[in-house]
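Participant: everything below, folded, please.
(one chain, ligands or ions: 2)
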Amino acid sequence: MNVGHIDDVQELRKIESTTVPDRFVRDVDEIKSVIQDSSFTEHVPIIDLSKIGNGNYNEIFNLASACQEWGFFQVINHGVDARLVEKIEKLGMDFFMQPLEEKLKYKMLPGTVQGYGQAFVFSDQQKLDWCNMFALGIQPHFIRNPKLWPTNPLNFSECIDTYTREIRKVCEKLLRCIAMSLGLRAQIFEETFGEAVQAIRMNYYPPCPRPDLVLGLSPHSDGSALTILQQKEGGSVGLQLLKDNNWVSIIPIPGALVVNIGDTLEVLTNGRYKSVEHRAVTNMVKDRLSIVTFYAPSYEVELGPMPEFIDESNPVQYRNYLHGEYSKHYVTNKLQGKRTLDFAKLATHIPV
Ligand SMILES: O=C(O)CCC(=O)C(=O)O
Ligand SMILES: [Fe+2]
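Facilitator: Ligands and ions are numbered 1, 2, ... in the order given. Presented below is the predicted three-dimensional model:
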């Protein structure tokens, strides 16, 4: 695989150029509406997780509509300690601010998705994202690569361990709530998933001299069941989702977690809850750190639409497959909107 030369965007930033290398410059149609129309003010729904814990059916109803209409929502009162959130953000920033040489000790090798670098680059023709990533497999334990767990900054790895354990509880709780919002038994996903796979990715977007020409992260849907994203306060607004053909910015609520439906839940619900295409854009003066958790079924689990979502007016839309096969397909293809899910989509028959 020849991925060509991949510039490290933080190093580019140090040159203080007013231009960006060609490999980062997107085609016009790809970039459209990166500069937001400020009159576009729709907000993703807000879900109060503490209300659901108290059996508030109204909030479950809100969750159902958030999943169905948006595929994205912000969660408040999620129970993760604010000090832990602050700590991982600080250590994450400290990690990215280290000299390149230190970070390259954990280099993400071409074609792999763990460590420091740019994932999803497979050819020297591919455009690059204005982003540095640091990713780790967390659970089950066998997906961990201990060589990639940093010794610097001090306590970073320990903090990742604590943080991911806390976030896992939120994932489990959210999946129970989502099951209830679909009229299913709360434990159904837990039972289906087996020993769930959990991974973390920190995305660091330095300021960019030409935010109008580049993307922070290419449009994609997530291959997970559920994704939880936390963003450092004071950073730029960067995450956008595609709704009714418009890119809508998610304005962060301090302390909230952004949650989105991944491809796996789309398949399981036979398209009732769909994964939504999203991307990140950059800013000329502000940087941004996002800390993202991907939560998915065990690799050995066979997935396909659940019978509860199939009837005469809702024919089967996806085939059955092992989650491990999908996961492999996902990480060996470039990010390209929702195209990755074609892997599972059945051809739709147009009646004649
Ligand atoms: O940084 C962001 O806002 C987007 C991150 C994301 O979509 C991802 O890591 O899958
Ligand atoms: Fe994503």
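Participant: alpha carbons only for contacts and neighbour counts from here, please
Facilitator: Will do.
Participant: so which bits of the helix or strand that residue 169 is a member of are buried?
Facilitator: Per DSSP states H and E: residue 169 is located in helix 156-181. Buried residues in helix 156-181, counted by 16 or more other CA atoms under 10 Å: 156-157, 159-160, 163-164, 167-168, 170-181.
Participant: go on, stretch 17-37?
Facilitator: For stretch 17-37, by 16+ other CA under 10 Å, it's 20, 23, 24, 25, 26, 31, 34.
Participant: make CSV out of those residues and add secondary structure and distance to residue 14.
Facilitator: What follows is the buried residues of stretch 17-37, written out as CSV (DSSP: H, G, I helix; E, B strand; the rest coil; distance: CA to CA, whole Å):
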residue, secondary structure, distance to residue 14
20, coil, 12
23, helix, 18
24, helix, 16
25, coil, 19
26, coil, 22
31, helix, 25
34, coil, 24
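Participant: among those residues, which two are most distant?
Facilitator: Using CA to CA, the pair of the buried residues of stretch 17-37 lying farthest apart is 23 and 34, separated by 17.6 Å.
Participant: circling back to that earlier point, let me know the closest of the buried residues of stretch 17-37 to ligand 1.
Facilitator: residue 34 (13.8 Å; CA to the nearest ligand atom).
Participant: next SSE downstream of the helix holding residue 169?
Facilitator: Downstream of helix 156-181, the next assigned helix or strand under DSSP H and E is helix 188-193.
Participant: now do that following helix: distance to the chain's middle.
Facilitator: Centroid separation between helix 188-193 and its chain, computed with CA atoms, centre = their mean, to the nearest Å, is 21 Å.
Participant: could you do stretch 83-92 as well?
Facilitator: On CA atoms, centre = their mean, the centre of stretch 83-92 falls 19 Å from the chain's centre.
Participant: does that stretch reach ligand 1?
Facilitator: No: Stretch 83-92 lies apart from ligand 1 when judged by CA under 6 Å from any ligand atom; the minimum separation is 13.3 Å.
Participant: with stretch 107-115 instead?
Facilitator: No: in terms of CA under 6 Å from any ligand atom, no part of stretch 107-115 sits within range of ligand 1; the closest distance is 11.5 Å.
Participant: name the nearest residue to the residue in the chain that ligand 1 sits nearest to, sequence neighbours excluded.
Facilitator: Ligand 1 sits closest to residue 239 of the chain, with a gap of 4.0 Å, by CA to the nearest ligand atom. Using CA to CA, 6 or more residues apart in numbering and skipping residues adjacent in sequence, the residue nearest residue 239 is residue 280, 4.6 Å away.
Participant: count of residues packed around the one you found?
Facilitator: The number of residues packed around residue 280, counting by other CA atoms under 10 Å, is 23.
Participant: which other helices and strands does the helix holding residue 169 contact?
Facilitator: helix 57-69, helix 82-96, helix 188-193, strand 288-296 (3 or more CA pairs under 8 Å, 6 or more residues apart in numbering; DSSP states H and E).
Participant: just want the angle from that helix to helix 82-96.
Facilitator: 130 degrees (axes from the mean of the first three to the mean of the last three CA atoms, to 10 degrees).
Participant: what mean pLDDT does helix 156-181 have?
Facilitator: For helix 156-181, the mean pLDDT works out to 97.
Participant: what residues does the stretch 51-200 of the chain put near ligand 1?
Facilitator: Checking the stretch 51-200 of the chain against ligand 1 by CA under 6 Å from any ligand atom, there are no hits.
Participant: wait, residue 1 touches residue 125, no?
Facilitator: No: at 11.6 Å, residue 1 does not count as touching residue 125 under the criterion of CA atoms under 8 Å.
Participant: in the protein, which helix or strand is least confident?
Facilitator: helix 28-31 (a mean of 81; mean pLDDT, DSSP states H and E).
Participant: coming back round to it: make sure the residue of the chain closest to ligand 1 is actually in contact with residue 249.
Facilitator: Yes: using CA under 8 Å, residue 239 is in contact with residue 249, at 5.8 Å.
Participant: the more surrounded of those two?
Facilitator: Legend: neighbour count by other CA under 10 Å for residue 239 and residue 249, higher for residue 249 (25 against 22).
Participant: apart from its chain neighbours, what residue comes closest to the more buried one?
Facilitator: In space, residue 249 is closest to residue 240, 4.3 Å off (CA to CA, 6+ apart).
Participant: go on, residue 100?
Facilitator: residue 11 (7.8 Å).
Participant: report the secondary structure state of the one you found.
Facilitator: The three-state label for residue 11, taken from DSSP: H, G, I helix; E, B strand; the rest coil, comes out as helix.
Participant: please shift the residue numbers so they start at 391 in all later answers.
Facilitator: Shifting the count to begin at 391 puts that one at residue 401.
Participant: neighbours of it, how many?
Facilitator: Neighbour tally, residue 401, other CA under 10 Å: 12.
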